[in-house]
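In: Pasting a predicted model and its sequence here:
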Amino acid sequence: MSDDLNKPALDVFEAARTRRSIRAYKRDPVPLVTLREIIALGRHAPSGSNIQPWRVHVMTGATLVRLGNAIRQAFLNDEPGHQRDYDYYTDPILEPYLARRRQCGWGLYGTLGIGRGDHEKSRAYRATNYDFFGAPAGLVFTIDRRLEKGSWLDYGMFLQTIMLAARARGLHTCAEASIANYPDIVRRELGISDEWIVICGMAMGYADPGAIINTFRPPRIAVDEYAVFLD
(Lines give C-alpha, C1' and ligand atoms only; values in the text may rest on other atoms or scores of the structure.)
Protein backbone atom coordinates (compact mmCIF):
# COMPACT_ATOMS: atom_id res chain seq x y z
CA MET A 1 0.00 0.00 0.00
CA SER A 2 1.13 3.53 -0.67
CA ASP A 3 0.93 6.27 1.88
CA ASP A 4 -2.15 7.57 0.04
CA LEU A 5 -3.97 5.87 2.89
CA ASN A 6 -3.18 8.95 4.99
CA LYS A 7 -4.26 11.58 2.49
CA PRO A 8 -6.75 13.98 4.09
CA ALA A 9 -10.34 13.48 2.98
CA LEU A 10 -11.50 16.32 0.76
CA ASP A 11 -15.15 16.35 1.83
CA VAL A 12 -17.52 14.59 4.20
CA PHE A 13 -18.45 11.97 1.58
CA GLU A 14 -14.82 10.99 1.14
CA ALA A 15 -14.26 11.07 4.89
CA ALA A 16 -17.14 8.63 5.41
CA ARG A 17 -16.02 6.33 2.58
CA THR A 18 -12.38 6.22 3.71
CA ARG A 19 -13.08 5.89 7.42
CA ARG A 20 -12.27 2.38 8.52
CA SER A 21 -11.05 0.59 11.62
CA ILE A 22 -7.27 0.92 11.36
CA ARG A 23 -5.37 -1.55 13.54
CA ALA A 24 -1.73 -0.64 12.86
CA TYR A 25 -0.21 2.83 13.12
CA LYS A 26 2.97 4.72 12.39
CA ARG A 27 4.98 5.94 15.35
CA ASP A 28 4.65 9.55 14.17
CA PRO A 29 3.08 11.63 16.95
CA VAL A 30 -0.11 13.57 16.32
CA PRO A 31 0.40 17.28 17.12
CA LEU A 32 -1.53 18.36 20.20
CA VAL A 33 -3.03 21.24 18.26
CA THR A 34 -4.49 18.73 15.78
CA LEU A 35 -5.89 16.53 18.55
CA ARG A 36 -7.52 19.55 20.18
CA GLU A 37 -8.96 20.69 16.86
CA ILE A 38 -10.53 17.29 16.19
CA ILE A 39 -11.94 16.87 19.70
CA ALA A 40 -13.24 20.45 19.67
CA LEU A 41 -15.19 19.77 16.48
CA GLY A 42 -16.99 16.95 18.28
CA ARG A 43 -18.94 19.43 20.37
CA HIS A 44 -20.89 20.41 17.24
CA ALA A 45 -22.47 16.95 17.10
CA PRO A 46 -26.27 16.91 17.54
CA SER A 47 -27.52 16.56 21.09
CA GLY A 48 -31.12 16.30 22.25
CA SER A 49 -32.03 19.40 24.28
CA ASN A 50 -28.33 20.30 24.07
CA ILE A 51 -27.48 17.97 26.97
CA GLN A 52 -24.02 17.25 25.46
CA PRO A 53 -23.39 14.03 27.42
CA TRP A 54 -19.83 13.42 26.25
CA ARG A 55 -16.61 13.36 28.21
CA VAL A 56 -13.36 12.25 26.65
CA HIS A 57 -9.89 11.59 28.03
CA VAL A 58 -7.20 12.11 25.36
CA MET A 59 -3.98 10.25 26.08
CA THR A 60 -0.48 10.36 24.65
CA GLY A 61 2.91 9.42 26.05
CA ALA A 62 3.24 7.87 29.49
CA THR A 63 -0.46 7.89 30.34
CA LEU A 64 -1.37 5.98 27.19
CA VAL A 65 1.38 3.42 27.83
CA ARG A 66 0.41 3.02 31.49
CA LEU A 67 -3.26 2.38 30.77
CA GLY A 68 -2.48 0.03 27.90
CA ASN A 69 -0.03 -1.99 29.97
CA ALA A 70 -2.47 -2.29 32.88
CA ILE A 71 -5.32 -3.58 30.72
CA ARG A 72 -3.10 -5.84 28.64
CA GLN A 73 -1.67 -7.47 31.76
CA ALA A 74 -5.15 -8.08 33.16
CA PHE A 75 -6.23 -9.66 29.88
CA LEU A 76 -3.19 -11.92 29.50
CA ASN A 77 -3.34 -12.99 33.15
CA ASP A 78 -7.07 -13.73 32.98
CA GLU A 79 -7.65 -11.55 36.02
CA PRO A 80 -11.06 -12.27 37.54
CA GLY A 81 -13.68 -9.71 38.46
CA HIS A 82 -13.61 -7.51 35.38
CA GLN A 83 -17.00 -6.74 33.86
CA ARG A 84 -18.35 -4.22 31.38
CA ASP A 85 -20.61 -1.42 32.61
CA TYR A 86 -23.18 -2.29 29.93
CA ASP A 87 -24.03 -5.03 27.43
CA TYR A 88 -22.79 -4.27 23.92
CA TYR A 89 -24.38 -7.31 22.26
CA THR A 90 -27.44 -9.41 22.88
CA ASP A 91 -26.89 -12.83 24.44
CA PRO A 92 -27.23 -14.85 22.31
CA ILE A 93 -26.47 -12.74 19.25
CA LEU A 94 -29.35 -13.06 16.82
CA GLU A 95 -29.40 -13.47 13.06
CA PRO A 96 -28.65 -11.84 10.68
CA TYR A 97 -26.28 -10.03 13.09
CA LEU A 98 -24.42 -13.16 14.17
CA ALA A 99 -23.50 -14.04 10.58
CA ARG A 100 -22.22 -10.51 9.97
CA ARG A 101 -20.15 -10.60 13.14
CA ARG A 102 -18.62 -13.96 12.23
CA GLN A 103 -17.84 -12.77 8.72
CA CYS A 104 -16.01 -9.78 10.15
CA GLY A 105 -14.07 -11.79 12.73
CA TRP A 106 -13.07 -14.61 10.42
CA GLY A 107 -12.10 -12.13 7.71
CA LEU A 108 -9.97 -10.12 10.10
CA TYR A 109 -8.08 -13.12 11.45
CA GLY A 110 -7.81 -14.64 7.99
CA THR A 111 -6.02 -11.50 6.79
CA LEU A 112 -3.41 -12.18 9.48
CA GLY A 113 -3.14 -15.86 8.65
CA ILE A 114 -4.79 -16.88 11.92
CA GLY A 115 -6.98 -19.92 11.36
CA ARG A 116 -10.19 -20.82 13.12
CA GLY A 117 -9.45 -22.55 16.38
CA ASP A 118 -5.93 -21.12 16.66
CA HIS A 119 -6.61 -19.75 20.11
CA GLU A 120 -3.00 -18.94 21.00
CA LYS A 121 -2.46 -16.67 18.00
CA SER A 122 -5.89 -15.08 18.23
CA ARG A 123 -5.35 -14.35 21.91
CA ALA A 124 -1.98 -12.75 21.19
CA TYR A 125 -3.55 -10.57 18.54
CA ARG A 126 -6.48 -9.62 20.77
CA ALA A 127 -3.96 -8.30 23.30
CA THR A 128 -2.95 -5.59 20.80
CA ASN A 129 -6.37 -4.02 21.33
CA TYR A 130 -5.22 -2.92 24.75
CA ASP A 131 -2.11 -1.20 23.38
CA PHE A 132 -4.44 0.88 21.20
CA PHE A 133 -2.82 -0.93 18.24
CA GLY A 134 0.36 1.09 18.72
CA ALA A 135 -1.36 4.39 17.93
CA PRO A 136 0.34 7.54 19.25
CA ALA A 137 -2.95 8.80 20.70
CA GLY A 138 -5.66 6.97 22.59
CA LEU A 139 -9.05 8.24 23.67
CA VAL A 140 -11.44 6.99 26.34
CA PHE A 141 -15.09 8.04 26.25
CA THR A 142 -17.34 8.08 29.30
CA ILE A 143 -20.93 9.03 30.05
CA ASP A 144 -22.78 9.98 33.22
CA ARG A 145 -24.32 6.79 34.63
CA ARG A 146 -27.65 8.57 35.27
CA LEU A 147 -28.35 9.37 31.62
CA GLU A 148 -30.74 7.45 29.40
CA LYS A 149 -30.67 5.95 25.90
CA GLY A 150 -31.31 9.25 24.15
CA SER A 151 -27.97 10.55 25.39
CA TRP A 152 -26.28 7.39 24.12
CA LEU A 153 -27.69 8.20 20.67
CA ASP A 154 -26.12 11.64 20.97
CA TYR A 155 -22.85 10.00 21.94
CA GLY A 156 -22.77 7.90 18.79
CA MET A 157 -23.01 11.06 16.70
CA PHE A 158 -20.22 12.61 18.77
CA LEU A 159 -17.95 9.62 18.09
CA GLN A 160 -18.68 9.70 14.37
CA THR A 161 -17.98 13.43 14.20
CA ILE A 162 -14.55 12.84 15.72
CA MET A 163 -13.75 9.96 13.36
CA LEU A 164 -14.74 11.96 10.28
CA ALA A 165 -12.79 14.99 11.50
CA ALA A 166 -9.73 12.76 11.89
CA ARG A 167 -10.00 11.73 8.24
CA ALA A 168 -10.14 15.39 7.21
CA ARG A 169 -6.72 15.82 8.83
CA GLY A 170 -5.17 12.72 7.29
CA LEU A 171 -5.58 10.61 10.43
CA HIS A 172 -7.31 7.30 11.05
CA THR A 173 -9.09 5.79 14.02
CA CYS A 174 -10.38 2.56 15.46
CA ALA A 175 -13.22 2.68 17.94
CA GLU A 176 -12.54 0.02 20.60
CA ALA A 177 -15.37 -1.48 22.57
CA SER A 178 -12.74 -3.82 24.03
CA ILE A 179 -11.37 -1.06 26.26
CA ALA A 180 -14.72 -1.02 28.06
CA ASN A 181 -14.15 -4.66 29.11
CA TYR A 182 -11.97 -3.31 31.93
CA PRO A 183 -13.83 -0.24 33.25
CA ASP A 184 -12.42 -0.43 36.77
CA ILE A 185 -8.85 -0.32 35.45
CA VAL A 186 -9.72 2.62 33.19
CA ARG A 187 -11.29 4.54 36.06
CA ARG A 188 -8.38 3.78 38.37
CA GLU A 189 -5.66 4.76 35.91
CA LEU A 190 -7.41 7.92 34.68
CA GLY A 191 -8.86 9.08 38.00
CA ILE A 192 -12.50 8.69 36.91
CA SER A 193 -15.23 8.21 39.51
CA ASP A 194 -17.77 5.38 39.48
CA GLU A 195 -20.42 7.88 38.39
CA TRP A 196 -19.08 7.55 34.83
CA ILE A 197 -19.65 4.58 32.53
CA VAL A 198 -16.76 3.67 30.25
CA ILE A 199 -18.31 3.51 26.77
CA CYS A 200 -15.29 2.70 24.62
CA GLY A 201 -11.77 3.64 23.67
CA MET A 202 -10.40 4.87 20.36
CA ALA A 203 -7.01 4.62 18.70
CA MET A 204 -5.98 7.63 16.59
CA GLY A 205 -2.94 8.27 14.44
CA TYR A 206 -1.41 7.87 11.00
CA ALA A 207 -2.12 4.48 9.44
CA ASP A 208 0.81 2.18 8.72
CA PRO A 209 0.43 1.63 4.96
CA GLY A 210 2.64 -1.46 5.05
CA ALA A 211 0.61 -3.39 7.61
CA ILE A 212 -1.39 -6.24 6.08
CA ILE A 213 -4.13 -5.86 8.69
CA ASN A 214 -4.96 -2.44 7.26
CA THR A 215 -6.02 -4.03 3.98
CA PHE A 216 -9.00 -5.67 5.67
CA ARG A 217 -12.39 -4.09 5.10
CA PRO A 218 -15.54 -5.99 6.06
CA PRO A 219 -18.39 -5.93 3.53
CA ARG A 220 -21.31 -3.57 4.08
CA ILE A 221 -24.89 -4.35 3.18
CA ALA A 222 -26.36 -2.55 0.17
CA VAL A 223 -28.48 0.55 0.66
CA ASP A 224 -31.63 -1.24 -0.56
CA GLU A 225 -31.22 -3.79 2.23
CA TYR A 226 -31.72 -1.18 4.95
CA ALA A 227 -33.41 1.83 3.36
CA VAL A 228 -36.92 2.38 2.05
CA PHE A 229 -37.46 5.40 -0.18
CA LEU A 230 -41.05 6.62 -0.10
CA ASP A 231 -42.65 9.08 -2.52
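Out: That came in fine, so what should we check first?

In: List the contacts of the most centrally placed residue in the chain.
Out: Centroid-nearest residue in the chain: residue 175, 0.8 Å away (criterion: CA atoms, centre = their mean). Contacts were defined as CB atoms under 8 Å, 6 or more residues apart in numbering; by that measure residue 175 touches 21, 159, 163, 200, 201, 202. Backbone N, C-alpha and C define where each C-beta goes, glycine included.

In: These in strands, which ones?
Out: Among the contacts of residue 175, the members found in strands (DSSP state E) are 200, 201, 202.

In: Select from the residues you listed the one having the most neighbours.
Out: Comparing the ones in strands among the contacts of residue 175 by number of neighbours (other CB atoms under 10 Å), residue 201 comes first, having 27 neighbours.

In: quick one: that one from residue 159, how far?
Out: From residue 201 over to residue 159 the distance is 11 Å, taken as CB to CB, to the nearest Å.

In: Can you pull the residues that touch both of the two?
Out: Here residue 201 and residue 159 have 141, 175 as joint contacts, going by CB under 8 Å, 6+ apart.

In: rewinding a little: just name the closest of the contacts of residue 175 to residue 84, please.
Out: Relative to residue 84, the closest of the contacts of residue 175 is residue 200; by CB to CB it sits at 10.3 Å.

In: Residue 186: neighbouring residues, count only.
Out: Counted with other CB under 10 Å, residues neighbouring residue 186 total 22.

In: what about it, which SS state?
Out: Assigned by DSSP: H, G, I helix; E, B strand; the rest coil, the conformation of residue 186 is helix.

In: And for it, nearest residue in space, chain neighbours not counted?
Out: Distance criterion CB to CB, 6 or more residues apart in numbering; nearest residue to residue 186, sequence neighbours excluded, is residue 198 at 4.9 Å.

In: Same check on residue 72?
Out: Here the nearest residue to residue 72 in space, its sequence neighbours aside, is residue 130; by CB to CB, 6+ apart that works out to 4.0 Å.

In: The one you found and residue 226, how far apart?
Out: Distance, residue 130 to residue 226, using CB to CB: 33 Å.

In: Quick one: residues in contact with the longest helix along the chain.
Out: The residue-count maximum for a helix in the chain (DSSP state H) belongs to helix 149-168. Here helix 149-168 makes contact (CB under 8 Å, 6+ apart) with 8-9, 12, 14-16, 18-19, 37-39, 41-42, 44-48, 51-54, 139, 141, 143-144, 172-173, 175, 199-200, 202, 204.
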